[in-house]
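[1] whatever this is, show me its structure:
(chains A, B, C and D)
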Protein chains: 2
Amino acid sequence: MERLNIDKVAKLAHVSRSVVSRVLNNHPNVSDEARVRVMKVVKKYNYRPNAVARSLATQSTYQIGVLTSRIEDESLGNGYWTLLYLGIFEECIRRGYYVRLSFYSSSMSDELHEHLLNPHQLDGVICLNEEVTDLTVETLADKDIPIVLVGHNPKHPDISSVDVDNYDGAYTATKHLIDLGHKQIGGIFGDQNVEETEHRIRAYREALKDHGLDVRDDYISVGSYTQQDGYNTLNVWTEDHKQMTAVFCASDTIAMGGMLALHEKGVSVPGQFSVVGFDGLPISRYMIPPLTTIEQPTYGKGERAAQLLIDKIKNIDEKVIQENLKPKLVIRKSSGPAPA
Amino acid sequence: MERLNIDKVAKLAHVSRSVVSRVLNNHPNVSDEARVRVMKVVKKYNYRPNAVARSLATQSTYQIGVLTSRIEDESLGNGYWTLLYLGIFEECIRRGYYVRLSFYSSSMSDELHEHLLNPHQLDGVICLNEEVTDLTVETLADKDIPIVLVGHNPKHPDISSVDVDNYDGAYTATKHLIDLGHKQIGGIFGDQNVEETEHRIRAYREALKDHGLDVRDDYISVGSYTQQDGYNTLNVWTEDHKQMTAVFCASDTIAMGGMLALHEKGVSVPGQFSVVGFDGLPISRYMIPPLTTIEQPTYGKGERAAQLLIDKIKNIDEKVIQENLKPKLVIRKSSGPAPA
DNA sequence: ATTTTTTTTCTAATCATTTAAAAACCCAGA
DNA sequence: TCTGGGTTTTTAAATGATTAGAAAAAAAAT
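    Numbers count the residues shown, from 1 in each chain, chains lettered A, B, ... in the order given. The predicted structure is shown next:
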């Protein structure tokens, strides 16, 4: 079967090329008669307009880029990302957009980085880790390619972003432990120098303070969102801080590593020690014991980011929106009353 | 800054448009003098050729599609996928290709499915779950879009594919348990009607037989690759099959669910019961106890699939290649000697 | 110095669409 | 019958590259 194009379809339907185009794009000023003739040919030969040529003519590709910063290999393997991609993808498809996936690592050359963002091919970009944006923003800014961030970034107050309400989540988690009677509560946090971390730490501190508990700096650790980090930290703490009876972990992965350390030391969870996580990863309900955690709407974050971006591309909404989605405390078995 | 195109560059460099094109594409027959003049302008104005226009002219987009079948939400959240995407992506980038991500679900209309594969925009497609291909193959076949599968599919012997050596992995896992002295070994397997499952079951059976052990049908369960399935199965088995002392799980997620069930019943791992998984997910080393598992080269599978696809796109290799990558037994704490 | 060959450059067609603007058509009202 | 208005259709000019093939320039051979 030879290649079909709009001219061939036009000829077969006995109309000119522009009529076919107008039919296919639902433009007005087409007689019913012509429309029927064109559609008949389109159906018969299963013609689909060439999206590349269309992009060239309209100067828009209906394609958005998703840029994931590859901070650590390990953290890419925790199940969070696919759900985020899924949220982005499904919203995009609903609105007629395709998704191009890229991973950015800091070892990448600037040229390659620019190549990833080749602006002729992308109508917009979603950046999934704050680290990406510094390099990215300049590349895209003067080309007028809209950006949306997942995770607010105070360095870019003029870019729309979606995030979970980190303060709310961390406060709720800490309060949950306080309500259970714990007095000595540690906090293990992820990436330094990120607004997210700052908010979570502040919430943790204020929750303690609001309930008349001491805030001790040696009960706070800031590392990375990895099992390794949770494991290491609790390994040290269980020896150094014998009075601590609970810990708030800023991710489920940290909590997972932490619980392994506790297990190895023979500390029972939740009997002797309570653990609360953050994220609500699908795996959290199958940890041993099942993890009490702050469930964030991962899929929803992706969905909302795509919404904001497409609105911006279509100029539906010009103003900057920085949105916080509410997380939800899910109580499972890893948290219990403070030991007597 | 007004839009730059090849004509403007040509004018600025005092050459014709075709000279600019040849410089940019490293074609011969350009004088050093002209090349220098063109490059100077390109650098000065940071000109990048419009990839869409290039695609239209060359009839290739340098873009491949990755189609993930969305069988179950839960299984998308297990950390396997991002590593696979990463492998695909990094190989693609090395060879100048972009990656378009799509999720396919069976509830999707045929029209949308076709939309995802819009052949004008894709030079090739990688299908990540076997389920996808039945619908996909026809759509792409007569348009001459190459396909590569991750996971062999006997229904499509003429399509190249990459997989882990399922037989080898399952045999090794089972033998590991046999070597530890276990006589009553269960097997929990994933998706039915997939070659992968068939091979893993066969390997499990043959390993038992080869070592003089009985194969009992009531020791075999075929469900899905989820924690839920592992949990349910071991919940039942620990009551029904008191003699069983070990289980081979066809995924780490199954093992994770299974270990939770054992934990809840007070069965100690590995003291009373040994568990071996399959996949080597990043989380497996932090399970309680850390999981003995068959580590498959997830990243490598993605990488190799991309290699095969791009070779096919470039006509470097015409023949069908169905490749098995070797897995590796990683011994951790979840497996130990059979109880006396 | 002239012809031949080689190298380089330019012209123009092509890829497949969209979309202004011009042209054609139809019909009612004068 | 002619005119004016609206509707529909066609024409042709973009969009921004690649790439044969013609033309021109430079180099080599006679």
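[2] wouldn't A:Val42 be in contact with A:Leu24 here?
    Yes: here A:Val42 lies in contact with A:Leu24, judged by CB atoms under 8 Å, at a distance of 7.5 Å. Yep, even glycine has a C-beta here, placed from its N, CA and C like the rest.
[3] quick one, what contacts whichever residue of the stretch 101-250 of chain A sits closest to DNA strand D?
    The stretch 101-250 of chain A approaches DNA strand D most closely through A:His120 (7.3 Å), counting by CB to the nearest atom of the strand. With contacts defined as CB atoms under 8 Å, 6 or more residues apart in numbering or on different chains, the neighbours of A:His120 are A:Thr61, B:Arg48, B:Asn50, B:Ala51, B:Val52, B:Ala53.
[4] these in helices, which ones?
    Those of these mapping onto helices are B:Ala51, B:Val52, B:Ala53, per DSSP state H.
[5] nearest to DNA strand C, of these?
    Minimum distance to DNA strand C across the ones in helices among the contacts of A:His120 is 6.9 Å, recorded for B:Ala53 (CB to the nearest atom of the strand).
[6] what segments of chain A are helices?
    Using DSSP H, helices in chain A cover A:6-12, A:17-24, A:32-45, A:51-58, A:73-76, A:80-94, A:110-116, A:130-141, A:166-179, A:195-210, A:227-240, A:252-264, A:298-313.
[7] okay, the ones you listed in TSV with mean neighbour count and mean pLDDT next?
    Shown next, in TSV, are those (neighbours: other CB atoms under 10 Å in any protein chain shown; pLDDT from 0 to 100):
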stretch	mean neighbour count	mean pLDDT
helix A:6-12	17	96
helix A:17-24	19	96
helix A:32-45	15	95
helix A:51-58	18	96
helix A:73-76	20	74
helix A:80-94	23	95
helix A:110-116	15	87
helix A:130-141	19	77
helix A:166-179	22	98
helix A:195-210	19	97
helix A:227-240	20	96
helix A:252-264	26	97
helix A:298-313	23	96
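[8] quick one, which of those is nearest to B:Gly190?
    Of all those, it is helix A:80-94 that lies closest to B:Gly190, at 17.4 Å by CB to CB.
[9] next, count neighbours for A:His156.
    Around A:His156 there are 20 other residues, counting by other CB atoms under 10 Å in any protein chain shown.
[10] and the residue of the stretch 201-340 of chain A nearest DNA strand D?
    Relative to DNA strand D, the nearest point of the stretch 201-340 of chain A is A:Ile313 (17.7 Å; CB to the nearest atom of the strand).
[11] so which pair among the contacts of A:His120 is furthest apart in space?
    Farthest pair in the contacts of A:His120 (CB to CB) is A:Thr61 and B:Arg48. Separation: 14.9 Å.
[12] between these two, which is the more surrounded one?
    Neighbours were counted for A:Thr61 and for B:Arg48 using other CB under 10 Å; A:Thr61 has more, 23 against 14.
[13] quick check: residues of the stretch 1-150 of chain A near DNA strand C?
    Within the stretch 1-150 of chain A, the residues that sit near DNA strand C (CB under 7 Å from any atom of the strand) are A:3, A:5-7, A:17-18, A:20-22, A:24-25, A:27, A:48-50, A:52-54, A:56-58.
[14] related to what we said a few turns ago, how close does the residue of the stretch 101-250 of chain A closest to DNA strand D get to A:Glu114?
    Distance, A:His120 to A:Glu114, by CB to CB, to the nearest Å: 12 Å.
[15] that'll do, ta.
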